[in-house]
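Novice: build me a model from this:
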Amino acid sequence: MLDDEPGRKRRRLWIHPIVAQRQQKGQFHKLYTDLRQDANKFKSYCRMSIETFDYLLICFHSDLNFMDTCMRRSISAEQRLLVTLRFLATGNSFASLQFEFLLGISTISGIVCHTCKVIWQRLREAVMPTPTAADWLRIADGFYKCAQFPNCIGALDGKNIRMKKPPHSGSRYFNYKQYFSVVLMALADSDYKFVIVDIGAYESTSDSRIFSVSRMGEWLRQHQLALPEPSRLPRSAGPPAPFVIMADEGFAVSPHLMRPFPRCDLDVRKGIFNYRLTRAR
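Specialist: Next up, the predicted model:
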């Protein structure tokens, strides 16, 4: 589309004079080399060690390297990764980052979106692989050791992630806390690490409904999570008990999902059970 087409905002400058000084005054060109000389300062700036940063560069090098053109030089893979990590570490807006790195807002937006997609595509299987039966047993062992709650394969809950209102979305993403968000539904192990996540549901939908229609909930209903066979509880002579996910009162009970008893009319045994489940969760 040409600049003089109707409805198109005409660009006044090909490149702003301030942005043109990126290689002389931009934060990457001024700080990156010096930061690499101090491991603590580098970790404080990027929220990761130099070794981890270099490992990511090796993993993503082919995806983050672009060819120079006759019009301009491409932005290096190191700078693309640093801009993205700085955004993720600080939550600074693109408008703020443009004055740090002397890059255009649209350029920073493109860098962050592309790099995040690359990170997810390249590291998804390594960081969050599909759990096996052995993994579930290891998670259950962790919950039993730290909270003495047997046959537990994870704690489930939803979290609001604040965002800008998507175009033409009405009030679908507007939550009771009076801001726009999407829901991160996550299953975590006893080390606070995510095992399975589902992202993108509306806050206006209940946690139980979000979980029910999520891929995670579908896998659980269709027995596709490779859960171990039911096993007898410790020091129990009763029948084998299934492995379960712990959740709060916002979720519905199912054969593999356990929530506390309703708070009304609690006897001693139910009260103790609620305490132990909530403590573990």
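Novice: any chance you could map the strands in the stretch 101-250 of the chain?
Specialist: 152-162, 181-188, 194-202, 244-246 (DSSP state E, counting those that start in this stretch).
Novice: can you name every helix or strand that the last one contacts?
Specialist: In terms of contacts (3 or more Cβ pairs under 8 Å, 6 or more residues apart in numbering; DSSP states H and E), strand 244-246 is packed against strand 152-162, strand 257-258. C-beta: built from backbone N, CA, C; applies to glycine.
Novice: Pro228 is nearest to which of these?
Specialist: Closest approach to Pro228 among the helices and strands packed on strand 244-246 (Cβ to Cβ): strand 152-162, 8.3 Å.
Novice: what sits up against that closest one?
Specialist: Strand 152-162 has contacts (Cβ atoms under 8 Å, 6 or more residues apart in numbering) with 136, 139-140, 143-144, 175, 177, 179-189, 195-196, 199, 201, 203, 207, 210-211, 227, 243-248, 250-251, 257, 280-281.
Novice: tell me the angle of it relative to strand 181-188?
Specialist: Orientation check (axes from the mean of the first three to the mean of the last three Cα atoms, to 10 degrees): strand 152-162 against strand 181-188 gives 160 degrees.
Novice: tell me the strands beside strand 152-162, with direction?
Specialist: strand 181-188 (antiparallel), strand 244-246 (parallel) (DSSP bridges).
Novice: can you flag the weakest of these by average pLDDT?
Specialist: Mean pLDDT values for the strands paired with strand 152-162 show the minimum at strand 181-188, a mean of 92.
Novice: between strand 194-202 and that one, find me the angle.
Specialist: Angular relation of strand 181-188 and strand 194-202 on a 0 to 180 degree scale: 160 degrees, by the same axes, to 10 degrees.
Novice: number the residues from 28 up from this point.
Specialist: Done: numbering now begins at 28, and the last item shifts to strand 208-215.
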